[in-house]
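**Student:** Sequence first, then the predicted structure:
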Amino acid sequence: MTSDIIETSTTAPTTTQDLTLAPPLSTLGHRIRAVRVRAGISQNDFAAAVGFTRQSLIRWERDDASPPIVILPILHQRFGVDPNWVVMGESQSFRSHPVTIDWERFDRIAAQVNDACRQFGISTVAGSTTATDLTRSLFEEDPAGDEANLRRARTLLRMLQDTKAA
């Protein structure tokens with residue numbers, strides 16, 4: 001495959017007509033890229049949102065590797081995408097259910113989780129799932145409970161630190 005799958009534009013298509021199932025969306029990788037482009041986010045941000053590395057995402061978008069099946073519910077939950085469309089490409093257009101992602105809230109939670117992980121000596125480097133999984137689970141909770149949930153998360157991280165020290 002060519003490198004045209006890597007970031008080429010910062011603008012996302014604005015209508016489902018921009019994402020028809022023409023040759024560019026004929027593969028699983030192209031459909032995953034379409035989800036990211038439609039969301040208007042970078043490869044780094046998309047990879048973080050789905051809990052994988054940018055390198056994994058690049059391989060998927062190039063069709064050099066297939067993503068694990070666990071990505072389907074993540075794409076559905078985070079981006080409202082129909083998993084059947086992602087896998088099979090059975091419709092003529094990008095199928096999604098209306099969903100709005102509060103990226104500011106996600107970024108705020110991710111920063112707080114990363115700060116807490118560093119405070120308690122828990123790795124936040126690429127490939128470490130603790131911070132990613134914790135961020136994702138906190139983000140999926142009711143926004144009204146963010147402060148209480150973050151306090152509980154800090155308690156959990158402290159317990160992880162104590163377990164490592166023992």
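**Tutor:** Received, thanks.
**Student:** going forward, measure contacts and count neighbours with C-alpha atoms only.
**Tutor:** Will do.
**Student:** Would you mind measuring from W103 to Q43?
**Tutor:** Separation of W103 from Q43 (Cα to Cα, to the nearest Å): 15 Å.
**Student:** out of those two, which sits in the more crowded spot?
**Tutor:** Regarding W103 and Q43, a neighbour count based on other Cα atoms under 10 Å identifies Q43 as having more, with 20 against 13.
**Student:** now do the same end-to-end measure for stretch 46-63.
**Tutor:** Start-to-end, stretch 46-63 (Cα to Cα) is 17 Å.
**Student:** model confidence over that stretch, on average?
**Tutor:** What stretch 46-63 shows for mean pLDDT is 93.
**Student:** Run the chain-centre distance for it.
**Tutor:** On the basis of Cα atoms, centre = their mean, to the nearest Å, stretch 46-63 is displaced by 8 Å from the centre of the chain it belongs to.
**Student:** Can you point out the buried residues in that stretch?
**Tutor:** Using 16 or more other Cα atoms under 10 Å as the test for burial, stretch 46-63 gives 46-54, 57-63.
**Student:** Stretch 102-121 now?
**Tutor:** Within stretch 102-121, the residues that qualify as buried by neighbour count (16+ other Cα under 10 Å) are F106, I109, A110, Q112, V113, N114, D115, A116, C117, F120.
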